[in-house]
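A.B. asks: The following comprises the amino acid sequence and a computationally predicted model.
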Amino acid sequence: MPDTRAALPVSDITGLVLAGGRGQRMGGADKGLQLLHGQPLAAHVLARLAPQVGTLAISANRNQDVYATLGAPWQATVLADTLPDYPGPLAGLLAGLRAARTGWLLSAPCDSPWLPADLATRLSAAASEHGAAIVTAQTTDAAGEVSLHPVFALLRTSLADDLAAFLDAGERKVRAWYARHTAAVVSFADERAFYNVNSLQELADFDRA
């Protein structure tokens, strides 16, 4: 486990909620606006991310007025992709990296309502320890299978130009771009913290829990 005494100050981190996808596994619904316990999924994520960062932003390509209202309690800005046709999470990350006025960007997907309260602390401590420009999370299940969670990530905002060039070349794979840079991974014990709500049925099941 990284020495969390080396963690970055909150003021040097911008939080980014990734809500810019098509929601294909939810029948095209805007995933971040689906309700869990009476609140949109994105609102749960914002509330958990806000104490860990200095400023907040939301990557959204639809319903931007609704997201602006959701983000208002935290003065979160809403950012649209600069690339057409929903090219994936890297486009959202690029918008966040471009807009951030801090040295670091911490991203999380809009469908992860239980994200760790110590995500920023642990990822930023690992960045300091390993001199990494990108730090992501992973978990290990009871059978010993490791799962990577690449969009739970802490990234140097100085990577924006490199990411733009990568996307301009037609590349879209998150891990392929990460592999171009010094990266580190932090292991978390709680798998539930990284659950993604991937379907309306899963959402209904969680809502009843």
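C.D. replies: Looks like it came in fine. Numbering: from 1, shown residues only.
A.B. asks: Any idea which helix or strand in the chain has the lowest mean pLDDT?
C.D. replies: Among the helical and strand segments of the chain, the one scoring lowest on mean pLDDT, DSSP states H and E is helix 200-208, with a mean of 74.
A.B. asks: Check which residues of that one are buried.
C.D. replies: Buried positions in helix 200-208, judged by neighbour count with 16 or more other Cβ atoms under 10 Å: residue 203. No exception for glycine: its C-beta is placed from N, CA and C like everyone else's.
A.B. asks: For the residue lying farthest from the centre of the chain, give its distance to residue 171.
C.D. replies: Centroid-distance maximum for the chain: residue 143 at 26.3 Å, with Cα atoms, centre = their mean. Residue 143 is 33 Å from residue 171, where distance means Cβ to Cβ, to the nearest Å.
A.B. asks: Ok, residue 105 next?
C.D. replies: Between residue 105 and residue 171 the computed distance is 19 Å (Cβ to Cβ).
A.B. asks: what's the answer for residue 130, then?
C.D. replies: 25 Å.
A.B. asks: what comes into contact with stretch 119-137?
C.D. replies: The contact list for stretch 119-137 (Cβ atoms under 8 Å, 6 or more residues apart in numbering) reads 1-8, 10, 13, 15, 49, 52-53, 104, 106, 108, 116, 148-150, 152-156, 158-159, 178, 181-188, 194.
A.B. asks: just the strands in this protein please.
C.D. replies: Remark: strands assigned in the chain by DSSP state E are 13-18, 35-36, 39-40, 55-59, 77-79, 104-109, 134-140, 146-156, 183-188.
A.B. asks: Contacts only, for the residue nearest to residue 100 when sequence neighbours are not counted.
C.D. replies: Leaving aside its chain neighbours, residue 100 sits nearest to residue 14 (4.0 Å; criterion: Cβ to Cβ, 6 or more residues apart in numbering). For residue 14, the contact set (Cβ under 8 Å, 6+ apart) comprises 53-57, 96, 99-102, 104-106, 157.
A.B. asks: can you do 6 Å?
C.D. replies: Neighbouring residues of residue 14 by Cβ atoms under 6 Å, 6 or more residues apart in numbering: 55, 100, 102, 105.
A.B. asks: For the residue nearest to residue 174 when sequence neighbours are not counted, the count of nearby residues, please.
C.D. replies: With sequence-adjacent residues excluded and distances taken as Cβ to Cβ, 6+ apart, residue 174 is closest to residue 150, at 4.8 Å. Using other Cβ atoms under 10 Å, residue 150 is surrounded by 18 other residues.
A.B. asks: From residue 108, how far out is residue 150?
C.D. replies: 11 Å.
A.B. asks: for residue 72, same thing?
C.D. replies: Taking Cβ to Cβ, one finds residue 72 at 19 Å from residue 108.
A.B. asks: okay, these two: which has more neighbours?
C.D. replies: The residue with more neighbours, out of residue 72 and residue 108, is residue 108; 25 against 9, by other Cβ under 10 Å.
A.B. asks: Alright, I will stop here.
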